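Chemist: predicted coordinates and the sequence they were generated for:
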Amino acid sequence: MARQGSKIMAAATTALVSLGAATAAIAETELVYWSFWNEGEPQANVIQSWMDDYSALNPDVSFKVFWNGRQNQTTVRNALAGGTQIDIMDADMDALSGGLAAEGLSVGWQSVLEGPSFDGGHSFAEDFHPGLLAQAEVDGWTGQIPYAFYTVQIFYNKAHFAEAGMETPPETWEGFVDVLRNVRDNGYNPLAVESDITFYNVHWFNYLIARIAGPDFLMRAAEDKTGETWRDPAVRQALDLERALWDEGLIPDESRGYQWPAAQTTLAYEESSAALVGSWLPIELADLVDDDFEWGAMKFPMVEGGRGNIDDVTAIGVSFVVLDGTEHRDAAQDFVRFTISEEQQKKMAEESRIGVANPRVSWVPELAASEQAIADANLILAENLGIKVAYPDYSSNIFEATHNRFFLGDMTADEFIEEMVTRTRQYWENK
């Protein structure tokens, strides 16, 4: 069987030379893959088809899969500590950057990226949207390969915003707020927020501070061991703009009691008009909205006098990691390279209705504005402007938690600033 399989594989490889498929002969290899997805999810179904297609081309390669869900990185870490052999895993890109994608834990990709793509005619590195691989890099080490991702933008009901007089998405904060006021005056709740999802709500501050003070400001504030950078006037300006959304009724008071998915459900029922959230929103609500419902997505607007760039966009990616202890490095990396090919990426885009890494593959119509935002991107921003990767405990337990208390009205802007100064200083004193 091994000989016969090798002949079939060699024939398949020869037939695919024109496509640039440089799959090496690999005898009787079982790749163990632990997944970020749950069995039966659309993304899991696509990945299963990737494995089936790869094995059809390479009959001596099989897969053993564990569908672990969103806590996959923690699950994998625990398994590795117990001596379990795992070849490939995947998880949230930013979480991996602070975890298993680091040098010494993951296999490096630089030489493979410089080599041919699976489709041929260009390098593997050219199979990715500009800036995406840079976001996946940690201290000069590329230990993960992003295959799908979401953008974070203002998603809105096109009909509501047209009724409010918007012909094109506003590029300034003042213009954006004017549209929201018109939406409110037309009888809709302009913005929907979930009180309990801190990492949704913090996007308001992240984008505002990036537009006002530049995308590197938040990292400077987090790394200032005195905490004093949090007293910068830019912080107060961002907080005041956030608070004004509540004070003017652009975020309804009842939002303080919404628990996910209550707020996004109001969007589906056209009680609310917009939300700052990931591009999963139109897909999550697809079965609830009317057939003629049209989504728009706009870039986060600029603040007058700010140092940021309207084409800087936050992206939340999902990446594969080939783990450093694998005994099947060549086969594992070849499979991952295969998943970024146009044919396989098209499956993910169309069947899972998610943004994909390969710029030659179009996204579904509901995500056209998100695809354009990535095409236009000046910078692709990491979650929490990089501090989630660099200092995950600070990011979640101090920054996000404190911000959500401010956002929901449980503390003033001055109290937020003082708490961030104090807790940042204490964080570094305890390091």
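Modeler: Everything's here; your move.

Chemist: ranges for the helices of the stretch 1-150 of the chain?
Modeler: With DSSP state H, counting those that start in this stretch as the criterion, the stretch 1-150 of the chain has helices at 2-15, 42-57, 72-81, 93-97, 110-114, 132-136.

Chemist: what's the helix or strand for residue 427?
Modeler: When secondary structure is defined by DSSP states H and E, residue 427 falls within helix 413-429.

Chemist: any buried residues in stretch 270-284, and which?
Modeler: For stretch 270-284, the buried set under the neighbour-count rule, 16 or more other C-beta atoms under 10 Å, comprises 272, 273, 274, 275, 276, 277, 278, 279, 280, 281, 282, 283. From N, CA and C alone the C-beta is placed, and that goes for glycine too.

Chemist: helices or strands up against the helix holding residue 427?
Modeler: helix 217-223, helix 233-247, helix 401-407 (3 or more C-beta pairs under 8 Å, 6 or more residues apart in numbering; DSSP states H and E).

Chemist: ok and the longest one relative to helix 413-429, angle-wise?
Modeler: Right, helix 233-247. 130 degrees (axes from the mean of the first three to the mean of the last three C-alpha atoms, to 10 degrees).

Chemist: output helix 233-247 as PDB, nothing but the C-alphas.
Modeler: Taking Å, rounded to 0.1, in the frame of the first residue of the first chain, the C-alpha atoms of helix 233-247 are listed here in PDB:
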ATOM      1  CA  PRO A 233      -4.900  65.400  26.900                       C
ATOM      2  CA  ALA A 234      -5.500  63.000  24.000                       C
ATOM      3  CA  VAL A 235      -6.800  60.400  26.500                       C
ATOM      4  CA  ARG A 236      -9.300  62.900  27.900                       C
ATOM      5  CA  GLN A 237     -10.400  64.000  24.400                       C
ATOM      6  CA  ALA A 238     -11.100  60.400  23.400                       C
ATOM      7  CA  LEU A 239     -13.000  59.700  26.600                       C
ATOM      8  CA  ASP A 240     -15.100  62.900  26.200                       C
ATOM      9  CA  LEU A 241     -16.100  61.900  22.600                       C
ATOM     10  CA  GLU A 242     -17.100  58.500  23.900                       C
ATOM     11  CA  ARG A 243     -19.200  59.900  26.700                       C
ATOM     12  CA  ALA A 244     -20.900  62.400  24.400                       C
ATOM     13  CA  LEU A 245     -22.400  59.400  22.500                       C
ATOM     14  CA  TRP A 246     -24.300  58.500  25.700                       C
ATOM     15  CA  ASP A 247     -25.100  62.000  26.700                       C
END
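
Chemist: that helix packs against which elements?
Modeler: For helix 233-247, the packing partners by 3+ C-beta pairs under 8 Å, 6+ apart come out as helix 173-185, helix 198-213, helix 401-407, helix 413-429.

Chemist: redo those helices as a markdown table? Include mean neighbour count and mean pLDDT.
Modeler: As requested, these are exported to a markdown table (neighbours: other C-beta atoms under 10 Å; pLDDT from 0 to 100):
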| stretch | mean neighbour count | mean pLDDT |
| --- | --- | --- |
| helix 173-185 | 18 | 98 |
| helix 198-213 | 23 | 98 |
| helix 401-407 | 20 | 98 |
| helix 413-429 | 16 | 98 |
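
Chemist: so for residue 86, which of these sits nearest?
Modeler: If you check each of the helices and strands packed on helix 233-247 against residue 86 by C-beta to C-beta, helix 198-213 wins as the nearest, at 27.1 Å.

Chemist: coming back round to it: now the helices of the stretch 1-150 of the chain as JSON lines including distance to residue 154 and mean neighbour count?
Modeler: Below are those laid out as JSON lines (distance: least, C-beta to C-beta, whole Å; neighbours: other C-beta atoms under 10 Å):
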{"stretch": "helix 2-15", "distance to residue 154": "47", "mean neighbour count": "13"}
{"stretch": "helix 42-57", "distance to residue 154": "25", "mean neighbour count": "17"}
{"stretch": "helix 72-81", "distance to residue 154": "29", "mean neighbour count": "17"}
{"stretch": "helix 93-97", "distance to residue 154": "21", "mean neighbour count": "26"}
{"stretch": "helix 110-114", "distance to residue 154": "33", "mean neighbour count": "14"}
{"stretch": "helix 132-136", "distance to residue 154": "21", "mean neighbour count": "20"}
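
Chemist: quick one: closest of the ones you listed to residue 343.
Modeler: The minimum distance between residue 343 and the helices of the stretch 1-150 of the chain falls on helix 42-57, with 8.3 Å, by C-beta to C-beta.

Chemist: chain center to the closest one, what's the gap?
Modeler: Counting by C-alpha atoms, centre = their mean, to the nearest Å, helix 42-57 is centred 22 Å from the centre of its parent chain.

Chemist: mean confidence for it?
Modeler: Average pLDDT, helix 42-57: 97.

Chemist: with stretch 217-235 instead?
Modeler: Average pLDDT, stretch 217-235: 98.

Chemist: next one: it to chain centre, how far?
Modeler: On C-alpha atoms, centre = their mean, the centre of stretch 217-235 falls 25 Å from the chain's centre.

Chemist: contacts for it, please.
Modeler: 206, 209-210, 212-213, 384-387, 390-391, 394-395, 399, 417, 420-425, 428-429 (C-beta atoms under 8 Å, 6 or more residues apart in numbering).

Chemist: okay then, goodbye and thanks.
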